[in-house]
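J.: predicted model and sequence follow; I will ask about them next.
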Amino acid sequence: MTNRRRECDAYYTPEWCVHRLMDAMHLCSGVWYEPCAGHGAIVKAVSSWHKKRRFQEANIRWVTNDIDPSGIDERMEANPLGRNIVSDYLIQEPGDPVFGSVNSVITNPPYILAFEVIKKTFDCFHDANIVMLLRICFLASIKRQSFLCRHVPDIYVLPNRPSFTYDGQGQYDYAWFVWKKDQKNKRSGRISILDTTPIQDRKNNK
Ligand SMILES: C[S@@+](CC[C@H](N)C(=O)[O-])C[C@H]1O[C@@H](n2cnc3c(N)ncnc32)[C@H](O)[C@@H]1O
């Protein structure tokens, strides 16, 4: 494996990571926005979680965006009734009426832009839940200290390391960082440990 990161940080979220979060946390339905959606892995995983549990598909309407156009066909297939955009999230105008109705923003942001993506989301979506898949070490940082100590997230730890090459061998510890819409300015947060996922499921990206 090479150490060079893929262009645009194109490391897509394994389905099981989303399923473990959904097992543990409820976000109300409505409009959900995936601002760095790649080929729509999170959108597809939210849908398959509902199907797998034979839950009626929640009334979630998606808006997806990515700077890289290569995933647009797959996103349109995963989200045929919603809106699918190709643009740089960091310069997107929040004045667009479509964003006014967003009640949850969820993504696995590009690693090198993760902090920018989080700050942009805080600036643009005051009334939305914010959910980000990040390395756990994101918490410990001099650069981010001032922001994080004023906006401490709830942390949902994935006990298995995700592999973004789907071989089951992850290199880093990850967690979902969650800022609920009415609890964004907290000085402390809650830590939950998510369920484990069998290796077969992780290898199959199931
Ligand atoms: C780590 S991948 C994750 C993709 C997707 N969120 C998922 O969970 O599978 C990060 C994605 O961010 C996109 N990206 C990078 N810079 C971006 C920007 N400025 N605006 C929007 N998307 C961006 C990349 O093209 C890539 O698809």
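T.: Nice, thanks for sending it over.
J.: need the strands for this protein, in chain order.
T.: With DSSP state E as the definition, the chain shows strands at residue ranges 30-34, 60-66, 83-86, 102-107, 129-135, 154-157, 174-179, 191-193.
J.: the last one: partners in the sheet, and parallel or antiparallel?
T.: Sheet neighbours of strand 191-193, with direction, are listed as strand 154-157 (parallel) (DSSP bridges).
J.: let me know the average pLDDT across the partner strand.
T.: Per-region confidence: strand 154-157 scores 98 on mean pLDDT.
J.: residues of the chain that sit close to the ligand?
T.: 8-13, 36-38, 41-42, 65-68, 88-90, 107-108, 110, 113 (CB under 6 Å from any ligand atom). All C-beta atoms are positioned from the backbone trio N, CA, C, and that covers glycine.
J.: ok, the residue nearest in space to the middle of the chain - contacts?
T.: For the chain, the residue nearest the mean C-alpha position is Thr107 (2.3 Å; CA atoms, centre = their mean). With contact taken as CB atoms under 8 Å, 6 or more residues apart in numbering, Thr107 is in contact with 34-37, 42, 117, 131-133.
J.: one more: Gly170?
T.: 160-164.
J.: apart from its chain neighbours, what residue comes closest to it?
T.: In space, Gly170 comes closest to Arg161 once its chain neighbours are excluded; the distance is 2.8 Å by CB to CB, 6 or more residues apart in numbering.
J.: right, and the one you found touches Tyr174 too?
T.: Yes: in this structure, Arg161 is within contact of Tyr174 by CB atoms under 8 Å, at 6.9 Å.
J.: neighbour count: the two, which is higher?
T.: Per other CB atoms under 10 Å, whichever of Arg161 and Tyr174 has more neighbours is Tyr174, with 22 against 13.
J.: would you confirm that the more buried one contacts Arg135?
T.: Yes: if you go by CB under 8 Å, Tyr174 and Arg135 touch, sitting 5.8 Å apart.
J.: go through the lowest-mean-pLDDT helix or strand in the chain and flag the buried ones.
T.: When the helices and strands of the chain are scored by mean pLDDT, DSSP states H and E, helix 97-100 comes last with a mean of 76. Within helix 97-100, the residues that qualify as buried are Phe99, counting by 16 or more other CB atoms under 10 Å.
J.: for the protein, what spans make up the helices?
T.: For the chain, the helices defined by DSSP state H occupy 15-24, 41-52, 72-78, 97-100, 114-124, 142-150, 199-203.
J.: gap between Leu113 and Leu133?
T.: Leu113 sits 14 Å away from Leu133, going by CB to CB, to the nearest Å.
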